[in-house]
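A.B. asks: next one to model:
(one chain, ligands or ions: 1)
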Amino acid sequence: MRVAVLGAGVVGSATAYMLARDGHEVSVIDRCDRPGMETSFANGGLMTPSDSSPWNSPGTVRRIGKMLFDSHSTLKINPSAVPSIVGWGLKFLANSTTARHKANMVANIRIASLSLETLRSIRKATTLNYDQTTRGTMRAFPRGGRMARFVQMCREMEEWGVKFEVLNQEQILEKEPCLKDVIDRYIGAVFFPDDESGDAHKFTSEMARLATELGARFLMNTSVLEIVKQSSSRISHVRTSNGDVRADAYVLSLGSYSPILTRTLGIHLPIVPVKGYSVTLPLNGWNGGPTRPVMDDGFHAMMVPMGDRLRMGGKAEFARFNTEVDPKEGRRVLNDILKILPAMASHVDVESASSWSGLRPMTPGGPPIVGPTPYNNLFLNTGHGPLGWTMSCGSAKIAADFITHGRILSNRVDPRNYAL
Ligand SMILES: Cc1cc2nc3c(=O)[nH]c(=O)nc-3n(C[C@H](O)[C@H](O)[C@H](O)COP(=O)(O)OP(=O)(O)OC[C@H]3O[C@@H](n4cnc5c(N)ncnc54)[C@H](O)[C@@H]3O)c2cc1C
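C.D. replies: Below you'll find the model as predicted:
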């Protein structure tokens, strides 16, 4: 079958690979010059089924209220974005009940676990290098923080296969001696042995390379202008800046821009862009940092080793499609990390750090939207929010299964959880 994948981010590129592996004739269309140049470019690098709890846990309203008035907060709402997020925001709050939050968390865990399993099998069958670490992740909690509540949530996630260990100060240092200067800050940590990490951009390029080796074509520097329908149940073609592209089936993976292209088809995707920042610091051979991703729950800061670089990040900002990098935000992220890793300042040129921002394509519940649409040859694979890389291989497999077999082959996931 001829399949056109719209978007060459991590989701579209992984989907292209899965479809090519299934024997389809695949074309991928993207407006950038290379795959993975937008939100999949410099994200946090975490491949973490353990992070499956959606952002709207019970008590969200109270917490958001507090965060908006805290100048050091990691959440910001730009007034210009308010009109565009009101409807979405109400759905976000409706999903913050205990029952909805748990259902969404389980749906996230299932697709993320399928993703990790799929990634590991791709790794076995191919050569993949994306500066990965496979040593788990650690979340450290300052005194007076929410560790007890977090451990309770881990127990709930454990029922669905997420393994964890609670660490005391001594055990934290056994795993990450670099925290010795600040160990008294922490009351303990939670370690997730199955989590992984790596460079999502390199991974996306690798997926595109593997797909190309299987015959997929990447049509870069090509904007999708319109998805043209033939009837109320069928897409006829895609109009692009380089002419029309016709296929037997189409997969939409345009990240935060997905809703713009489906509107004219009468499909209203509940996805809004949520801006986030990352900072990447070349380490130039210094190996005094963490050996696996470490999150500081107090600063809402993370540091992720990536080859000879350290990736750091945080922050959620509703600012519509604005991806301008505010240097103050990059500096704030770096300052928080220097509080956790003070030794870094005397070994590494922190001024050489580069800041980046990207737009998480967020659904109000948390799980992405993957599967068929009212158009029998249009499929969705979008809305992966803060976990797009973590879920990419799993949701690519689901999307490819729908096209190749008409149903999901894995019994790990329930398609209803990701339906439009
Ligand atoms: C700061 C930050 C940190 C993050 N950290 C993590 C993390 O640690 N782990 C994790 O799993 N996830 C993380 N995420 C989320 C993750 O990066 C995203 O969910 C993921 O990159 C989304 O991938 P995508 O392919 O759907 O979108 P994108 O990567 O944005 O890809 C969409 C593609 O569509 C193309 N496109 C859009 N419109 C058009 C058009 N009209 N015509 C042609 N092409 C078009 C774009 O060029 C782009 O290449 C983070 C996100 C941010 C912002």
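
A.B. asks: residues from the chain in reach of the ligand?
C.D. replies: Neighbours of the ligand within the chain, by CB under 6 Å from any ligand atom: 7-12, 29-32, 37-40, 43-46, 200, 223-224, 253-255, 257, 276-278, 313, 358, 360-361, 382, 384-390. (Each C-beta comes from the backbone N, C-alpha and C, glycine too.)

A.B. asks: again, only this time at 5 Å
C.D. replies: Within the chain, the positions adjacent to the ligand are 7, 9-11, 30-32, 38-40, 43-44, 46, 223-224, 254-255, 257, 276, 278, 313, 358, 360, 384, 387-390 by CB under 5 Å from any ligand atom.

A.B. asks: out of the residues you listed, which are buried?
C.D. replies: Burial by neighbour count, 16 or more other CB atoms under 10 Å: within these this picks out 7, 9-11, 30-32, 38-40, 43-44, 46, 224, 254-255, 257, 276, 278, 313, 358, 360, 384, 387-390.

A.B. asks: using the three-state scheme, assign Gly330.
C.D. replies: Applying DSSP: H, G, I helix; E, B strand; the rest coil to Gly330 yields a three-state assignment of helix.

A.B. asks: that one: what's its closest spatial neighbour, skipping adjacent residues?
C.D. replies: The shortest distance from Gly330 to any non-neighbouring residue, by CB to CB, 6 or more residues apart in numbering, is to Ser355 (3.1 Å).

A.B. asks: are we agreed that the one you found is in a strand?
C.D. replies: Yes: judged by three-state DSSP, Ser355 forms part of a strand.

A.B. asks: out of the residues of the chain next to the ligand, which sit inside strands?
C.D. replies: Applying DSSP state E to the residues of the chain next to the ligand, the entries found in strands are 46, 224, 276, 278, 313, 358, 360.

A.B. asks: bridging residues for the fifth one?
C.D. replies: Counting by DSSP bridges, Gly313 forms beta bridges with Ser278, Met302.

A.B. asks: which parts of the stretch 251-400 of the chain are strands?
C.D. replies: 272-282, 294-296, 301-306, 309-318, 354-362, 369-372, 378-382 (DSSP state E, counting those that start in this stretch).

A.B. asks: now these in CSV, with mean pLDDT?
C.D. replies: What follows is the strands of the stretch 251-400 of the chain, written out as CSV (pLDDT from 0 to 100):
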stretch, mean pLDDT
strand 272-282, 96
strand 294-296, 96
strand 301-306, 95
strand 309-318, 89
strand 354-362, 96
strand 369-372, 98
strand 378-382, 98
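
A.B. asks: mind checking which of these is nearest Ala249?
C.D. replies: strand 378-382 (6.6 Å; CB to CB).

A.B. asks: how about residues contacting that closest one?
C.D. replies: With contacts defined as CB atoms under 8 Å, 6 or more residues apart in numbering, strand 378-382 is touched by 7, 11-12, 15, 227, 235, 249-255, 258, 265, 269, 271, 361, 368-373, 395-396, 398-399, 402-403, 420.

A.B. asks: try stretch 98-110
C.D. replies: Outside stretch 98-110, the residues touching it (CB under 8 Å, 6+ apart) are 49, 52-54, 56-58, 94-95, 156-157, 160-162, 365-367, 387, 391, 412-414, 417-418.

A.B. asks: just the buried members of those?
C.D. replies: 49, 52-54, 56-57, 95, 157, 160, 162, 365-367, 387, 391, 412-413, 417-418.

A.B. asks: name the nearest residue to the closest residue to the ligand within the stretch 1-150 of the chain, sequence neighbours excluded.
C.D. replies: Of all residues in the stretch 1-150 of the chain, Gly9 sits closest to the ligand, at 2.1 Å by CB to the nearest ligand atom. Spatially, and ignoring its direct neighbours in sequence, Gly9 is nearest to Ser40 (4.2 Å; CB to CB, 6+ apart).

A.B. asks: re earlier: emit the PyMOL select command for whichever of the contacts of strand 378-382 are buried.
C.D. replies: Filtering the contacts of strand 378-382 down to the buried ones (16+ other CB under 10 Å) takes a single PyMOL command:
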select buried, resi 7+11+12+15+227+235+249+250+251+252+253+254+255+258+265+269+271+361+368+369+370+371+372+373+395+396+398+399+402+403
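
A.B. asks: just the ones of the contacts of strand 378-382 in helices?
C.D. replies: 11-12, 15, 258, 395-396, 398-399, 402-403 (DSSP state H).

A.B. asks: can you pick out the most distant pair from those residues?
C.D. replies: Counting by CB to CB, the most remote pair of those is Ser258 and Ile403, 17.5 Å apart.

A.B. asks: got the domain ranges for this protein?
C.D. replies: Following automatic domain parsing, one gets these domains for the chain: 2-41+201-269+365-418, 54-106+130-194+272-362.

A.B. asks: for the ones you listed, which one ends up most surrounded?
C.D. replies: domain 2-41+201-269+365-418 (a mean of 21; mean count of other CB atoms under 10 Å).

A.B. asks: checking the spatially closest residue to Val245 that is not a sequence neighbour next. Helix, strand or coil?
C.D. replies: Nearest residue to Val245 in three dimensions, chain neighbours excluded: Val238, at 4.7 Å (CB to CB, 6+ apart). Assigned with three-state DSSP, Val238 falls in the strand class.

A.B. asks: can you give me the pLDDT of Val238?
C.D. replies: Note on Val238: pLDDT of 98.

A.B. asks: okay, it and Lys124: tell me how far apart.
C.D. replies: Taking CB to CB, to the nearest Å as the measure, Val238 falls 35 Å from Lys124.

A.B. asks: do the same with Asp70
C.D. replies: 46 Å.

A.B. asks: re the thing from before, I figured the residue of the stretch 1-150 of the chain closest to the ligand hits Ser256, correct?
C.D. replies: No: between Gly9 and Ser256 there is no contact under CB atoms under 8 Å: 9.9 Å.
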